[in-house]
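Trainee: Show me the folded form of this:
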Amino acid sequence: MANRRILKKEISYAAGELFAEVLVCKVLIPGVDRLEADKLLGRILDMQDDFIGRAGRVDGRNNQKLVKEYYRKLRTDLQAEVDAIGVEIGKLNSETA
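Mentor: Below is the predicted model of the structure:
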């Protein structure tokens, strides 16, 4: 990873987009379960905190191979979590239809 600062900004951006999407669903779409939307908002904030924290704590700082593997896994985990939250947002929207 060339720059942790950029990675942290990307994590914040992804979390912000997801947060905004859930907020729009909660406020503007009638029939959305507000309790489920609130739980999803909390999950997004927890995800952001977790991944930004993980981006700052690298295992094996002296071994370049371990560092690359660490950030590769971090990005894979982030994408999996974003996809899972996206599915939850889809379920939140489909319940109103």
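Trainee: max-length helix in this structure?
Mentor: As assigned by DSSP state H, the longest helix anywhere in the chain is helix 64-94.
Trainee: next one: that one to chain centre, how far?
Mentor: 7 Å (CA atoms, centre = their mean, to the nearest Å).
Trainee: Let me see the mean pLDDT of it.
Mentor: Taken as a whole, helix 64-94 has a mean pLDDT of 91.
Trainee: Flag every buried residue along it.
Mentor: By neighbour count with 16 or more other CB atoms under 10 Å, helix 64-94 contains the buried residues 70-71, 74-75, 78, 81-82, 85, 88-89, 92-93. C-beta: built from backbone N, CA, C; applies to glycine.
Trainee: host element of residue 8?
Mentor: Assessed by DSSP states H and E, residue 8 sits inside helix 4-28.
Trainee: got the contact list for the following helix or strand past that helix?
Mentor: Next helix or strand after helix 4-28 toward the C-terminus (DSSP H and E): helix 34-56. Helix 34-56 is contacted from outside by 4, 7-8, 11-12, 15, 18-19, 22-23, 25-26, 74, 77-78, 81-82, 85, 88-89, 92, using CB atoms under 8 Å, 6 or more residues apart in numbering.
Trainee: What of stretch 83-97?
Mentor: With CB under 8 Å, 6+ apart, stretch 83-97 has contacts from 18, 21-22, 25, 29-33, 36-37, 40, 43-44, 47.
Trainee: ok so, going back, and the angle for the helix holding residue 8 with helix 64-94?
Mentor: 10 degrees (axes from the mean of the first three to the mean of the last three CA atoms, to 10 degrees).
Trainee: so how far is helix 4-28 from its chain's centroid?
Mentor: 7 Å.
Trainee: Pull out the buried positions in that helix.
Mentor: Across helix 4-28, burial judged by 16+ other CB under 10 Å covers 7-8, 11, 14-15, 18-19, 21-22, 25-26.
Trainee: ok, those residues vs residue 58, which is closest?
Mentor: Of all the buried residues of helix 4-28, residue 7 has the smallest distance to residue 58: 10.9 Å, by CB to CB.
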